[in-house]
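Asker: Mind folding the following:
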Amino acid sequence: MKQQMRVLTGFHAVTARLRQAPQSLQVIYLDAARRDKRMAQLLALIAQQAIELHQVDAARLDQLANGQRHQGVVAMAQAIDLAQDLDEVLDQNAGQVLLLVLDGVTDPHNLGACLRTADAAGVHAVLAPKDRAVGLNAVVERVACGATQSVPYIMVTNLARTLRDIKDSGVWLIGTDERAQSRIDQVDQTGSIGWVMGAEGAGMRRLTREACDYLVRIPMAGHVESLNVSVAAGVCLFETVRQRGASQQ
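Answerer: Residues are numbered from 1 along each chain as shown. The predicted structure follows:
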């Protein structure tokens, strides 16, 4: 079976792949006119690997990137095999799972930022419904800065049923709600946790909300009522990281 190929654009995405799985890169195209320090550093990294390299003009890069912002860097790479379903994630990470569930996030910039944050926090997988979510595309790849290559993004047919399965496996689900009584730091997060977040504005759907074991709020001191979903994800995920670190001291 022929392996699926993906187009990576921009310094972050290509550098991340060079460091994580250089063998998956088939060919890299660079802007022949760009000779700054950042490009020199990338060239030095490429030189350490046996990867086909072409220096081309901006028009060729624009064509390869299909309209996406590329910064003078485009690569063709094999798709990396990550966990494909929830059972695989749970089996691989038994004991202390950390999940991020996104209900209704359709903006690729938000998804890319959430994936980047998830990678930084050590999330084992990001889940989303197939009917109300954006898939992985070039914009997500660029904004995620390589996180699409390290964090499984699993789209499920029935989110409510999937959440029930997650709970049955021993994972506690914590949803975010600006009207909740408890703050994010008032719930124990030292065990297996799944953070559940809705899109900005619409929020979580009713069945998603009802599946949560706890609803918590991020304390807000200013005048805005809510945070962008990727910012909220960062605040909540790193509260989990903080609690787990404190429990191990």
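
Asker: buried set for stretch 157-174?
Answerer: For stretch 157-174, the neighbour count (16 or more other C-beta atoms under 10 Å) marks 159, 162-163, 166, 169, 171-174 as buried. The C-beta positions use only the backbone N, C-alpha and C, and glycine is treated the same way.

Asker: Give me the residues contacting that stretch.
Answerer: Residues external to stretch 157-174 that are found in contact with it (C-beta atoms under 8 Å, 6 or more residues apart in numbering): 86, 90, 97, 99, 101, 103, 127-130, 156, 184, 187, 189, 191-196, 205, 207-208, 211-216, 236.

Asker: among those residues, which ones are buried?
Answerer: For these, a neighbour count by 16+ other C-beta under 10 Å gives the buried set as 86, 90, 97, 99, 101, 103, 127-129, 156, 184, 187, 189, 192-196, 205, 208, 211-212, 214-216, 236.

Asker: List the ones among the residues you listed that fall in helices.
Answerer: Within the buried ones among the contacts of stretch 157-174, residues falling in helices by DSSP state H are 86, 90, 208, 211, 236.

Asker: sorry, back to before: from the buried residues of stretch 157-174, which is closest to residue 59?
Answerer: Using C-beta to C-beta, residue 159 comes nearest to residue 59 of those, at 43.0 Å.

Asker: any idea how far the closest one lies from residue 138?
Answerer: 25 Å (C-beta to C-beta, to the nearest Å).

Asker: Neighbours of residue 177, how many?
Answerer: Residue 177 has 19 neighbouring residues, counting by other C-beta atoms under 10 Å.

Asker: Bridge partners for the closest residue in space to it that isn't next to it in sequence, pull those for me.
Answerer: Nearest residue to residue 177, sequence neighbours excluded (C-beta to C-beta, 6 or more residues apart in numbering): residue 215, at 4.5 Å. Beta-bridge partners recorded for residue 215 (DSSP bridges): residue 175.

Asker: Which residues are in contact with residue 215?
Answerer: Contact analysis of residue 215 by C-beta under 8 Å, 6+ apart lists 174-177, 180, 182, 209.

Asker: okay if I get the ones in helices among the buried ones among the contacts of stretch 157-174 as a markdown table plus pLDDT and distance to residue 18?
Answerer: Formatted as a markdown table, those follow (pLDDT from 0 to 100; distance: C-beta to C-beta, whole Å):
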| residue | pLDDT | distance to residue 18 |
| --- | --- | --- |
| 86 | 83 | 30 |
| 90 | 83 | 31 |
| 208 | 93 | 38 |
| 211 | 95 | 40 |
| 236 | 96 | 31 |
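
Asker: need those in a markdown table with distance to residue 52, can you?
Answerer: Below are those laid out as a markdown table (distance: C-beta to C-beta, whole Å):
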| residue | distance to residue 52 |
| --- | --- |
| 86 | 37 |
| 90 | 39 |
| 208 | 45 |
| 211 | 48 |
| 236 | 42 |
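
Asker: what secondary structure does the residue lying farthest from the centre of the chain sit in?
Answerer: Ranked by distance from the centre of the chain (C-alpha atoms, centre = their mean), the top residue is residue 33, with 32.3 Å. With DSSP: H, G, I helix; E, B strand; the rest coil as the basis, residue 33 sits in coil.

Asker: Which pLDDT value goes with it?
Answerer: For residue 33, the pLDDT comes out at 93.

Asker: Would you agree it is in contact with residue 57?
Answerer: Yes: using C-beta atoms under 8 Å, residue 33 is in contact with residue 57, at 7.2 Å.

Asker: got the contact list for the spatially most central residue of the chain?
Answerer: The centroid of the chain falls nearest to residue 115 when counting by C-alpha atoms, centre = their mean (1.4 Å). Residue 115 sits next to 126, 140, 144, 147-148, 151, 153 when contact means C-beta under 8 Å, 6+ apart.
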